[in-house]
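Enquirer: 3D model of this:
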Amino acid sequence: NNNDDDDSSHLLYSGSSDGTIRVWDLSQDPPPEVLVLGNGTENIGGIASAGDRLYAGVGNTVAVWDLSQSPPEEIETLVGHTGFIRPVLVSGHMLYSGSFDGTVRVWDLAAAQRPPAALHTLQHSTGGGRVYALAIAPD
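Expert: Take a look at the predicted model:
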């Protein structure tokens, strides 16, 4: 998050194989852990934050948390991948997830259907290749 005026820009999110997302307050020295999210049952893959939402690959789904609630509440689960989700990227109202199933899924976060279904499934690899990274080129 690059906006220095945004109150959340001082927060760091880390995900782990222990099934948790830990939230760190970087405005303090040393940064304390201020919150733990997740159920501790599925490995956490990629994490992305946008506005008051946090998106995380949790096993083969993308979990969506509403950060405006105290404590944050998991409000949606995006399903469709059949393998572990590693990268998660948000750009505008679109979310992109890459998976060990060899696909990239494109989700429209502004879709009327809740939770949204994948708008596109892009087959990155048919030979067992895993998707480890995603990037969006600027216009």
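
Enquirer: how near is the closest residue to Glu73 other than its chain neighbours to Leu54?
Expert: Using Cβ to Cβ, 6 or more residues apart in numbering and skipping residues adjacent in sequence, the residue nearest Glu73 is Asp66, 5.3 Å away. Where C-beta positions appear, they are placed from N, C-alpha and C, glycine not excepted. As for Asp66, its distance to Leu54 is 8 Å (criterion: Cβ to Cβ, to the nearest Å).

Enquirer: can I assume the residue nearest to Glu73 is in contact with Gly51?
Expert: No. Under the criterion of Cβ atoms under 8 Å, Asp66 makes no contact with Gly51, lying 10.0 Å away.

Enquirer: so what sits against both of the two?
Expert: In terms of Cβ atoms under 8 Å, 6 or more residues apart in numbering, Asp66 and Gly51 are not both contacted by any residue.

Enquirer: which residues are in contact with Ile75?
Expert: Val64, Trp65, Asp66.
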